[in-house]
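Undergrad: what would the 3D arrangement of this be:
(2 chains, ligands or ions: 1)
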Amino acid sequence: MQLSPQWIREFVAIPADDKRLAEDLTAAGIAVESINGSGENAVFEMEIGTNRPDAMNHYGVAREASAIYDVALKPIDAKLPDARGNADFAIEIAEPDLCPRFTARVLRSIRIKPSPERVARRLGLLDQRPINNAVDATNYTLWEMGKPTHAFDLDLLEGGKIVVRRAQEGETLKTLDGIERNLTPEDLVVADARRPVALAGIMGGFDTMITEKTRNILIESAWWDPATIRKGSRRYGLHTDASHRFERGADFESTVLSCDRVAELILESGGGELQGGVIDVVAKRLDLAPIALRVSEVHRILGASLDAREIYRILSKLGFDVMPERGGDADFTVRIPSWRLDVEREIDLIEEIARLYGYDKFANTLPAFAGAVIERPDAQRDAKLRSSLLGLGYNEAVSLTFISHEDAEQFSDSPVIELANPISEEASIMRTSMVPGMLNMLAYNLNRGIDNVRLFEAGQVFQAVDRGASELRQISLGATGSATPPSWNQPSRPISFFDLKGDVENLLRAFECNALCYDAHTSECYHPGRSARAVMDGVCVAQFGQIHPDVAAKRKLRQDVFIGEFYLDRLYQHGLRSVRYEALPRYPAVERDFSFIFSDSVIFEKIQQAVGALGLRELRSFVPVEIFRGGNVPAGKYSILLRATFQSGERTLREDEVADWSAKIVKALNTLGGSQRA
Amino acid sequence: MAYTVPKLKDFSPTALDKASEKLAAALAKEAAEVQTESDWKSFRDRWMARKNGVLTLVNDLWLKAAPKENKRDIGQRVNQIKQQVEQTVDNRLAHVQGAASASRLSAERLDVTLPGNRRPLGAEHPVIKTMNEIVSVFRNLGYSIAEGPVIETDYYNFEALNFPPNHPARDTQDTLFVATQESKPLRDRLLLRTHTSPVQIRTMEKMKPPLRIVVPGKVHRNDPLDASHSPMFHQIEGLAVDTNITLGDLKGTLDHAMKALFGSSVKTSFRPSFFPFTEPSAELLVSCFICGGSGKRDLEPCRPCKQTGWIEILGCGMVDPNVFEFVKGNGYDPRKISGFAFGMGVDRLAILKYGVDDIQLFFQGDVRFLEQFV
Ligand SMILES: [Zn+2]
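TA: Predicted coordinates:
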């Protein structure tokens, strides 16, 4: 919103230049964001809070300045000629709650023409396009004192009366912007005897507007119920200078003055005469209840000992009527000026006192606190995973939380949360999976020639449940390129499934569990042969592996991409592993290697289980050392070198017992269908 | 002619002195000839080998052969000889190794100016990092972390924060609404929270005063992504409620926090503002930590503070009594308690702190960007 400091100064003698004025207004909560131009062309770019419609005009800001600088505020008065005859125009208010007051004046024999230079120039300064002297008079008054008004061509109003009522089903109104609108009984309209002629408080009607042919004018200055105006304005997407003020609450007591001011301006430039006196229909009074103010409450909230005299001085300067009370709870009874509909409670007065006194004048203090910091239950697990991921070389990433319908279908079966007013079609669903976002980020890098990428993102996925929404926390991983960074002294090798699995194992190792196993039952977006689920105590806590080639092709990923997902709601059913020290071995370990050929159908897990089932207490580890396919190994089979490590915590092992255990292992592996190689 | 250990006939001290001298001279002479590691090995073996080493022979030929009355004297002498031999052998080894390593180490020399093999470290995301820093400042002041859902109801996001239905202040929030909610009462309709403030209400419903929380989290607005806007960003909300919290406490707490975040030399200033859920409401400004408050940087206008020397950091205020009314039953009687709240945009702070010129960089996962924050 723009205001002219020169115009403001018309009402108050401000002992400061424009720059200083801007600073002082801003410090009092009437924010001047910037000053454009200088001298009489200077314009303040204002940012006025929605609670201060009274300051959205020059007189209102002048009032603030008069309080800030403690200088007198000149009243606005309209000098009108003597009226002829009676106004003879009926105003009927059918909805007194929605239109408690309707003020009007009748002007005759007006010449419609361009506004005088002074008016046109001022409107121009505020980027308001001058139209004609009648319309400009209403606009000028709006910017001068903040009260919207409207001018009708009196001769186009039928039946010699105005009715404020709800629209009837089937009625239409062509508004000033030329759009024909179908009205409903929700709409409040200004009607003549026959039809609606204005959308109350929002926009006038096209058919009754002021034109060059207009000779006689009806000026309307009403007070409208803010909620009704706001609903109407939203219903029609019509946000006007008038609706902006009415929906925030206009000055109930300014209807007559504004009406007179518009009449004065029109008569000044368009000649003509005033017919009759002001028509002022008050269907219902708007009474602002006085507020009891306690000095102790001011101190309780502000924490400073402002004395009663200072409080009295500040509020009086702002136009509040402050009456000291003797006895009783309150120290003052404060009557609220009609332009301050936002002030309804004691706390509102306290804010007025604080802002005029100056926030920076209150001393900084630190409150004492007896409570304790309560830790979030997931905090330690979150921190552990995050630091491990960073240590494993994954960069922390954040992606947007929206995905497309298509991605939602491809990456999850969850019922979706759809947005009513999405930013775009591609961003219309709240993500049900972290994978599309991760793939997008990997693709973003690959498309820019960055081949080595490792990312993780911790976030939440969303799904519809019953009539509400659920949010589940997940971590996604993404990796592509080489397993080790390119170096001049060692060859690089591409990331494989087992690199990713190693990272997953490292991450899951932090958690307490009875059994952790891996199987290949992954969802469809994964490569069916190169992906796995991590199943902890029977529950899938993670999925990971290479992305399905079809998915990769569709996203034009030009190299192998690996993805992982951790389901924290399930993983966090497990606590972090508590570490218990185990005595270091005092006796030497003995290693034995076994070279076997197995059929491909014998997976490593089976070998592990078969050997595990022997229950050899001194068998400390049993790991694959080498796996080989092809060459002299027949198709459908593989050769594997396995290494057993035996150790006892109590004694040095004897040759014969190690031989005995080795024989048992060989027998178990033979039973699995393996054949030992020489 | 190499030294050999003689058999002794005369075990008198004089004869023994003479024999010992001869041995010592031979030891010194042979030691001087040891130049390489293999020289040293034969030297060691000649003198110390268990079989036929010089020491063994001395033991056999001198000590064992000695008459009983001389044993004591000879035993001492043999011990001395043993120590002498061992020390000489050790010294020669040190000498030989020093010499050998000089040449070997020279051959093993690397070009240490070549780059190392770096195992990559992951980088913290600048927004999350900034968020954690802010949270930790408030943790040290006794604030606990609270959280709440991203998909909120109208009640928590608006109504209970004193945004009545149809209030114009709702327009400032550019809300993203969840589809197909029309059949529900307004307060139950779902939307994407536009601020982290709903967690104020959710926490006060669960916990009685006194209360101190910070709420980090994601929020959404209907703003298409461009260099300076994002439909998703991060906020940290703060709330302190107690029997005697004042505007001065709000100012003091935030002044302390800003100094902890931006350095002890920053100044703070508060100016009136409007938020439906606080009253009085304020905007906190800190003296520009980029230009030091001068408005100029290297004689150029300072852009982050628009040359004003001040940067708007956050909105704050005393909790509006209307907000407490919604949770009055849980001990929040506005006549007895008071509180303050504040909320700041983390992404914007990260932008200021790191001089990032495009908010989109935060959400693209571009490793060239992310790796700068390692
Ligand atoms: Zn600056």
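
Undergrad: can you count the residues close to residue 91?
TA: Because you didn't say which chain, this covers chain A. 21 (other C-beta atoms under 10 Å in any protein chain shown). For the C-beta atoms, the positions are set from N, CA and C on the backbone; glycine is no exception.

Undergrad: please refer instead to chain B.
TA: Applying other C-beta under 10 Å, we find 12 residues neighbouring B:Asn91.

Undergrad: where along the stretch 151-300 of chain A do the strands fall?
TA: For the stretch 151-300 of chain A, applying DSSP state E, counting those that start in this stretch gives strands covering A:161-166, A:172-174, A:180-182, A:188-191, A:196-199, A:203-204, A:217-223, A:273-282, A:291-293.

Undergrad: the ion is nearest to which of those strands?
TA: Closest approach to the ion among these is made by strand A:291-293 (40.7 Å; C-beta to the ion).

Undergrad: now do that closest one, average pLDDT.
TA: The average of the pLDDT scores along strand A:291-293 is 96.

Undergrad: how near is A:Asp360 to A:Asp499?
TA: Separation of A:Asp360 from A:Asp499 (C-beta to C-beta, to the nearest Å): 58 Å.

Undergrad: okay, these two: which has more neighbours?
TA: In this view A:Asp360 and A:Asp499 are compared by other C-beta under 10 Å, and A:Asp499 has more residues nearby, 18 against 13.

Undergrad: so the chain: which segments form each domain?
TA: The chain I'm using is chain A. What automatic domain parsing lists as the domains of chain A is A:2-69, A:90-282, A:291-360, A:379-571, A:590-676.

Undergrad: can you look at chain B instead?
TA: B:13-108, B:126-373.

Undergrad: between those, which one is nearest to chain A?
TA: Chain A lies closest, by C-beta to the nearest C-beta, to one member of the domains of chain B: domain B:126-373, at 2.6 Å.

Undergrad: ends of the closest one, how far apart?
TA: End-to-end distance for domain B:126-373, by C-alpha to C-alpha, to the nearest Å: 7 Å.

Undergrad: centre of the chain to it, how far?
TA: 26 Å (C-alpha atoms, centre = their mean, to the nearest Å).

Undergrad: out of the domains of chain B, which is the most enclosed?
TA: The highest mean neighbour count among the domains of chain B, using mean count of other C-beta atoms under 10 Å in any protein chain shown, belongs to domain B:126-373: a mean of 19.

Undergrad: that one near the ion at all?
TA: Yes: using C-beta under 5 Å from the ion, domain B:126-373 reaches the ion at B:Cys288, B:Ile290, B:Cys291, B:Cys302, B:Cys305.

Undergrad: can you redo the domains of chain A as a markdown table with distance to B:Pro280?
TA: Output for these, formatted as a markdown table (distance: least, C-beta to C-beta, whole Å):
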| stretch | distance to B:Pro280 |
| --- | --- |
| domain A:2-69 | 9 |
| domain A:90-282 | 19 |
| domain A:291-360 | 4 |
| domain A:379-571 | 33 |
| domain A:590-676 | 67 |
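
Undergrad: just the buried positions in stretch A:241-249, please.
TA: For stretch A:241-249, the neighbour count (16 or more other C-beta atoms under 10 Å in any protein chain shown) marks A:Ala242, A:Ser243, A:His244, A:Arg245, A:Phe246, A:Glu247, A:Arg248, A:Gly249 as buried.

Undergrad: ok, back up a step: of the residues of domain B:126-373 next to the ion, which belong to strands?
TA: Among the residues of domain B:126-373 next to the ion, the subset assigned to strands under DSSP state E is empty.

Undergrad: now the helices for the stretch 301-450 of chain A?
TA: A:308-317, A:346-357, A:379-391, A:405-411, A:435-446 (DSSP state H, counting those that start in this stretch).

Undergrad: whoops, the stretch 151-300 of chain B was the one
TA: When assigned using DSSP H, counting those that start in this stretch, the helices of the stretch 151-300 of chain B occupy the ranges B:154-157, B:198-206, B:247-262.

Undergrad: so which of those comes closest to B:Asn330?
TA: For B:Asn330, the closest of the helices of the stretch 151-300 of chain B is helix B:198-206, at 6.2 Å, according to C-beta to C-beta.

Undergrad: how about that closest one, does it reach chain A?
TA: No: applying C-beta under 8 Å from any C-beta of the partner chain, one finds helix B:198-206 separated from chain A by no less than 10.5 Å.

Undergrad: could you say what helices and strands that helix packs with?
TA: helix B:154-157, strand B:211-220, strand B:232-242, helix B:321-325 (3 or more C-beta pairs under 8 Å, 6 or more residues apart in numbering or on different chains; DSSP states H and E).

Undergrad: surely A:Arg129 is in a strand?
TA: No: counting by DSSP: H, G, I helix; E, B strand; the rest coil, one finds A:Arg129 to be coil, located in no strand.

Undergrad: residues contacting the residue lying closest to A:Asn364 once chain neighbours are set aside?
TA: Among residues not flanking A:Asn364 along the chain, B:Gly252 sits closest, at 3.6 Å (C-beta to C-beta, 6 or more residues apart in numbering or on different chains). Contact partners of B:Gly252, counting by C-beta atoms under 8 Å, 6 or more residues apart in numbering or on different chains, are A:Ala363, A:Asn364, A:Thr365, A:Leu366, A:Pro367.

Undergrad: where exactly do the helices run in the stretch 101-250 of chain A?
TA: In the stretch 101-250 of chain A, helices defined by DSSP H, counting those that start in this stretch lie at A:117-125, A:133-145, A:226-236, A:241-246, listed in chain order.

Undergrad: for B:Leu63, find the nearest of the ones you listed.
TA: Closest among these, using C-beta to C-beta: helix A:226-236, at 116.3 Å.

Undergrad: and that closest one, what's buried?
TA: Across helix A:226-236, burial judged by 16+ other C-beta under 10 Å covers A:Pro226, A:Thr228, A:Ile229, A:Arg230, A:Lys231, A:Gly232, A:Ser233, A:Tyr236.

Undergrad: great, nothing more from me.
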